[in-house]
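Engineer: one predicted model, sequence on top.
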Amino acid sequence: MLKTLSLLCAIAALSVAFWPTPKPDKRILFIGNSLTYGNHLPEQVRRIAASSTPPVTYEVVTVARAATVLLAHIQETNAVETIQQGNWDVVVLQDGSSAAFDDGFRHYTERAMPIMTREAHKIGATIIYYAHWPPGGKFADIPEDIAIDKIEGLYAKASQDFGGKVARSGKIWVQAHQNGISGLYDEDGHHATLKGAYSAALGIVAALGDADPTTSSWAPRDYPQWELDFLRATASKLPPIVRSKSQQIMPRKTNLPQISN
């Protein structure tokens, strides 16, 4: 028995030596809050790309914490250190959902973005800003078209100031709602369902630009085919927002408010 076990271990070791794990096409770091990690959105991005034609392999890692804006990540988590140490190809940034609607929170975005983007540029990573869906809570009464314009505008400004592309995930939600697709919001009216996170992940895949969402065969559940076709086609047709870069570094420290993600 022991000889058999030893032989199996030796075979396994040889397998690792001669057939190492293939290197991913890209290593992607996600930094955000529950709108980023909810329903395993980064893993959904990986699976969508892997099931596309031709397949694209991503390694995805997430630094995310509930109710945490990017400035709080800089001060309280290992997000900056993870950027510095990870040899990432892409860094995906998502700030608090209030930032596009509240001047106070927008100020924190303006202070955090120069720091996060500077660290990403130092390692040669591409930056993608994850423009999420319209939030619920006290902003739920804002019409979706107006809300998504504000969210995309926030990240478009970051793209203009610091380089990078805006993934238009929230715009996919708005167009889905306009065409009769429901079930994207969770019961709290703020976070995503599994389908909502899938829709957002399609937007990120499209912004990454390596895989065509319309060729993807994977979905987290057996949704109606017409819904899958619409979501994939919408993601593929929406060009990411790209603006010119003119970087400006701003101070690192400020006091933080009580934060809602």
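Structural biologist: The structure has been received and is ready for your questions.

Engineer: any weak-confidence spans in the stretch 1-150 of the chain?
Structural biologist: In the predicted model of the stretch 1-150 of the chain, residues 1-21 satisfy pLDDT under 70.

Engineer: isn't residue 56 up against residue 25?
Structural biologist: Yes. In this structure residue 56 lies within contact range of residue 25 using C-beta atoms under 8 Å: 5.2 Å. (Each C-beta comes from the backbone N, C-alpha and C, glycine too.)

Engineer: name the residue in the two with the higher neighbour count.
Structural biologist: Remark: of residue 56 and residue 25, residue 56 carries more neighbours, 21 against 17, as counted by other C-beta atoms under 10 Å.

Engineer: quick one: what helix or strand has that one in it?
Structural biologist: Residue 56 belongs to no helix or strand when assigned by DSSP states H and E.

Engineer: residues contacting it?
Structural biologist: Taking C-beta atoms under 8 Å, 6 or more residues apart in numbering as the definition of contact, the neighbours of residue 56 are 25-26, 49-50, 210-211.

Engineer: can you list the buried residues in the helix or strand hosting residue 236?
Structural biologist: Taking DSSP H and E as the criterion, the element that holds residue 236 is helix 225-237. Taking 16 or more other C-beta atoms under 10 Å as the neighbour-count basis, helix 225-237 is seen to contain the buried residues 227-228, 230-232, 234-236.

Engineer: gap between it and the chain center?
Structural biologist: Centroid displacement of helix 225-237 relative to its chain, using C-alpha atoms, centre = their mean, to the nearest Å, is 18 Å.

Engineer: of the buried residues of helix 225-237, which is the nearest to residue 80?
Structural biologist: residue 235 (30.0 Å; C-beta to C-beta).

Engineer: right, and the closest one touches residue 209 too?
Structural biologist: No. With contacts counted by C-beta under 8 Å, residue 235 stays clear of residue 209, the gap being 11.7 Å.

Engineer: where along this protein do the strands fall?
Structural biologist: Listed in chain order, the strands of the chain (DSSP state E) span 26-32, 58-64, 90-93, 126-130, 165-167, 241-242.

Engineer: redo those strands as a markdown table? Include distance to residue 197 and mean neighbour count.
Structural biologist: Formatted as a markdown table, the entries for the strands of the chain read as follows, by distance: least, C-beta to C-beta, whole Å; neighbours: other C-beta atoms under 10 Å:
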| stretch | distance to residue 197 | mean neighbour count |
| --- | --- | --- |
| strand 26-32 | 12 | 23 |
| strand 58-64 | 13 | 19 |
| strand 90-93 | 14 | 26 |
| strand 126-130 | 12 | 24 |
| strand 165-167 | 13 | 27 |
| strand 241-242 | 21 | 17 |
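
Engineer: could I get these as CSV with distance to residue 82?
Structural biologist: Formatted as CSV, the entries for these read as follows, by distance: least, C-beta to C-beta, whole Å:
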stretch, distance to residue 82
strand 26-32, 6
strand 58-64, 5
strand 90-93, 9
strand 126-130, 15
strand 165-167, 20
strand 241-242, 25
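
Engineer: list just the one of the ones you listed that sits closest to residue 74.
Structural biologist: strand 26-32 (9.9 Å).

Engineer: partner strands of the closest one, with direction?
Structural biologist: When pairs are called by DSSP bridges, strand 26-32 turns out to pair with strand 58-64 (parallel), strand 90-93 (parallel).

Engineer: so which residues make contact with the last one?
Structural biologist: In this structure, residues lying in contact with strand 90-93 by C-beta under 8 Å, 6+ apart are 26-32, 36, 42, 70, 83, 113, 116-117, 120, 125-130, 158, 167, 204, 208.
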